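Trainee: have a look at this prediction, sequence included:
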Amino acid sequence: MARKIRVLVAKPGLDGHDRGARVIARGLRDAGMEVVYTGLHQTPEQIVEAAIQEDVDVVGLSILSGAHMTLIPKVTELLRENGAGDIIVIGGGTIPEADVKALKEGGWAAELFTPGTPLETIVEWIYEHVKVD
Amino acid sequence: MLDVNKLIQGDRRTAAKIITLIENDGEGKQELLSRIYPHTGRAHVIGVTGSPGAGKSSLTDELIKQARRHNFKVGVIAVDPTSPISGGALLGDRIRMQEHALDKGVFIRSMGTRGCLGGLARATKDVVKVLDAYGCQVIIIETVGVGQSELDIMHYADTTLVVLTPGAGDHIQTIKAGIMEIADIFIINKSDLGNTKRIVTDIEQMLDMSPRYKSSWRPPVIETSTVTKDGIENLWSLIRRHFESTRSSGELRETVRNRVCMELMEMVEDELRRHLWGYLNQNGSLNGLLDDLADRKADPYTESRKLVERFLNIKNKH
Ligand code: B12
Ligand SMILES: Nc1nc2c(ncn2[C@@H]2O[C@H](COP(=O)(O)OP(=O)(O)O)[C@@H](O)[C@H]2O)c(=O)[nH]1
Ligand SMILES: [Mg+2]
């Protein structure tokens, strides 16, 4: 049995826009990954705990509420605090260019995908960045 | 790197990593499991099966609550289907259990079936052992809920729950063959939605005619609703009563013996197959025979017996 890439797709905060998260979850499944979807309204603590128990390679956060500058760093910080800093954090949603830059340069997210990004780009990025030994 | 002691002390990252290694059939799996094995055999394993949408995940969530109220440490294995085309899987059962995410007494793991037809991932029975050694006193397995071979669950669970819904009553004859025989408890869920009388009577009648229940435990048929919470406490106490009752009657012991017997034979067969092929096909020595079989100059019925005899002879000389 081969190793499978496992991804947690999560919606932190009060944001109810789940279309993007569902599209991504289905897309990654169709690209051969195991995708754990935890549903709406998750706290960063819940997301981190699920990521640890599910032993995912990647946490993918979908945020269209504008709260990305607090939520994404919080998740990354909690992962590190729990000794799970090796889990890759990526995200998507309506995140302005300047914030994308700040979050990546601050080391809070490995990559962020804004509206209109083709699914293939995201799939390719994950296959490139997760070590499948 | 993966430390069984840390698992036993309840380190959740270690538990999660060990489960991944088992799922991936990774290096050192056998040694790891053999070290884990002595620390298992304590948990009450509950299987939840039934069609997709019947309410298995919602009921599992309720059972977690009940078990936590009684201070049991709980493990959950939620299995969803792996797409045979892409090999990927969408694991969504956790959505209904996320309120327990922060409870350190609850460990939830989602799994894809990864090409295993039985409705349970091949690794499930080994993951049960990991959670058992991790200290879970109650382990709940939620199955995929499709296919005849769903029946697998009865081999791993001490108590098997079959979840049906009122609507199913109209099709009682079409319910999967076999599924009626594996239940230790029948649950008619979504009792808030409609008339449950018909399906309850149907099942009771089937039980009256069934030969299996000469044993001490006749499967109760109960109604639940995860919306109104009706019947949930009753369900929990029945689950525990089934465990106690089968334990004191010796039936549980028998189940466990059958389980380990099956498991042992599976492992023996795997091991034999590996050795056998290595011995018989050294340097491609079977190539000639394969041609003869294809050309119908030899027949596999005779040849297979000869090969096994040869193998046993080699083994005896050693
Ligand atoms: C559809 C929509 C809705 C629908 C949502 C339906 C649903 N269940 O999802 C409805 C009508 C319910 C809705 C409501 C609201 N909405 Co609205 N909505 C939109 C809209 C038009 C499109 C969003 C969408 O579904 N896009 C399609 C999906 C596929 O794209 P996506 O999510 O962006 O995902 C892509 C990428 O971002 C990325 N991605 C996204 N997530 C992830 C995750 C991972 C892991 C990865 C790798 C990639 C990734 O990949 C995807 C593919 O490229 C946007 C405008 C816009 N242009 O985005 C506004 C928008 C998001 N909404 C907005 C607002 C304000 C609201 C409301 C507050 C309006 C109100 N006052 O009531 C409410 C709040 C709802 C709530 N409870 O949170 C604002 C948000 C502003 C902000 N960020 O500050 C937006 C931007 C509109 C605007 N220009 O003002 N909305
Ligand atoms: N009305 C009602 N809906 C329920 C009940 N239990 C579950 N559901 C709903 O049925 C759907 C499927 O539930 P889920 O637990 O995911 O089913 P599963 O596929 O068997 O795991 C969800 O929309 C639930 O909210 C119930 O007791 N009553
Ligand atoms: Mg389910």
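Mentor: Yep, that arrived. Ligands and ions are numbered 1, 2, ... in the order given.
Trainee: which residues make contact with the helix-or-strand element of chain B with minimal mean pLDDT from outside it?
Mentor: Ranked by mean pLDDT, DSSP states H and E, the weakest helix or strand in chain B is helix B:179-182, scoring a mean of 79. Applying Cβ atoms under 8 Å, 6 or more residues apart in numbering or on different chains, the contact partners of helix B:179-182 are B:49, B:150-151, B:153-154, B:160, B:162, B:203, B:206, B:210, B:212. C-beta: built from backbone N, CA, C; applies to glycine.
Trainee: anything in it near ligand 2?
Mentor: No - where contact is defined by Cβ under 6 Å from any ligand atom, no part of helix B:179-182 touches ligand 2; the two come within 13.7 Å at best.
Trainee: in that helix, which residues are buried?
Mentor: B:179-180, B:182 (16 or more other Cβ atoms under 10 Å in any protein chain shown).
Trainee: helices of chain B, residue ranges please.
Mentor: Per DSSP state H, chain B carries helices over the ranges B:4-8, B:12-23, B:29-36, B:56-69, B:124-134, B:153-156, B:179-182, B:197-209, B:232-249, B:251-280, B:287-294, B:300-317.
Trainee: returning to what we had before: make JSON lines out of the buried residues of helix B:179-182 and add distance to ligand 3.
Mentor: Supplementary listing: the buried residues of helix B:179-182 in JSON lines, determined by distance: Cβ to the ion, whole Å:
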{"residue": "B:179", "distance to ligand 3": "17"}
{"residue": "B:180", "distance to ligand 3": "21"}
{"residue": "B:182", "distance to ligand 3": "18"}
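Trainee: closest one of those residues to residue B:32?
Mentor: Among those, residue B:182 lies closest to residue B:32 (Cβ to Cβ), at 30.5 Å.
Trainee: spatially nearest residue to the closest one, not counting backbone neighbours?
Mentor: Excluding the flanking residues, the one nearest residue B:182 by Cβ to Cβ, 6 or more residues apart in numbering or on different chains is residue B:154, at 4.3 Å.
Trainee: list the contacts of the one you found.
Mentor: B:47, B:160, B:182.
Trainee: redo that, cut-off 10 Å
Mentor: Residue B:154 makes contact with B:47, B:49, B:160, B:178-179, B:181-184, B:255, B:259, according to Cβ atoms under 10 Å, 6 or more residues apart in numbering or on different chains.
Trainee: ok, the residue in chain A positioned nearest to ligand 3 - how many residues close by?
Mentor: Closest residue of chain A to ligand 3, Cβ to the ion: residue A:37 (11.8 Å). Residue A:37: 25 surrounding residues under other Cβ atoms under 10 Å in any protein chain shown.
Trainee: tell me the strands in chain A, going along the chain?
Mentor: Secondary structure of chain A (DSSP state E): strands at A:6-10, A:34-37, A:58-62, A:88-92, A:111-113.
Trainee: do stretch A:101-109 and ligand 1 come into contact?
Mentor: No - for stretch A:101-109, no contact with ligand 1 is found by Cβ under 6 Å from any ligand atom; the gap never falls below 10.1 Å.
Trainee: so which bits of that stretch are buried?
Mentor: With burial defined by 16+ other Cβ under 10 Å, the residues of stretch A:101-109 counted as buried are A:102-103, A:108-109.
Trainee: which of those fall within helices?
Mentor: In helices, defined here by DSSP H, the members of the buried residues of stretch A:101-109 are A:102-103.
Trainee: now, which of the buried residues of stretch A:101-109 sits nearest residue B:301?
Mentor: So of the buried residues of stretch A:101-109, ranked by how close each gets to residue B:301 (Cβ to Cβ), first place is residue A:109, at 63.3 Å.
Trainee: please name the nearest non-neighbouring residue to that closest one.
Mentor: Excluding the flanking residues, the one nearest residue A:109 by Cβ to Cβ, 6+ apart is residue A:103, at 4.7 Å.
Trainee: low-confidence bits of the stretch 201-318 of chain B, can you list those?
Mentor: B:211-215, B:315, B:318 (pLDDT under 70).
Trainee: where does it get nearest to chain A, residue-wise?
Mentor: residue B:270 (13.4 Å; Cβ to the nearest Cβ).
Trainee: return the residues of chain B in contact with ligand 2.
Mentor: By Cβ under 6 Å from any ligand atom, the residues of chain B that approach ligand 2 are B:52-58, B:93, B:96, B:145, B:189-190, B:192-193, B:225-227.
Trainee: give me the buried entries from those.
Mentor: Buried members of the residues of chain B next to ligand 2, scored by 16+ other Cβ under 10 Å, are B:54-58, B:93, B:96, B:145, B:189-190, B:225-226.
Trainee: the residues you listed: which ones sit near ligand 1?
Mentor: Applying Cβ under 6 Å from any ligand atom to those, none is adjacent to ligand 1.
Trainee: I'd like these laid out as CSV, including distance to residue B:244.
Mentor: Listed next are these as CSV, based on distance: Cβ to Cβ, whole Å:
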residue, distance to residue B:244
B:54, 27
B:55, 26
B:56, 24
B:57, 26
B:58, 26
B:93, 28
B:96, 28
B:145, 28
B:189, 24
B:190, 28
B:225, 26
B:226, 25
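Trainee: spell out which parts of chain A neighbour ligand 1.
Mentor: Proximity of chain A to ligand 1, by Cβ under 6 Å from any ligand atom, involves residues A:9, A:15-21, A:23-24, A:60, A:62, A:64-66, A:90-94, A:113-117, A:122.
Trainee: coming back round to it: and the buried residues of stretch A:101-109, which two are the farthest apart?
Mentor: A:102 and A:109 (9.8 Å).
Trainee: now do the shared contacts for the two.
Mentor: Residues touching both residue A:102 and residue A:109 comprise A:68, A:73, A:95, with contact defined as Cβ under 10 Å, 6+ apart.
Trainee: out of the residues you listed, who's nearest ligand 2?
Mentor: Taking Cβ to the nearest ligand atom as the measure, ligand 2 lies nearest residue A:68 of the shared contacts of residue A:102 and residue A:109, at 29.5 Å.
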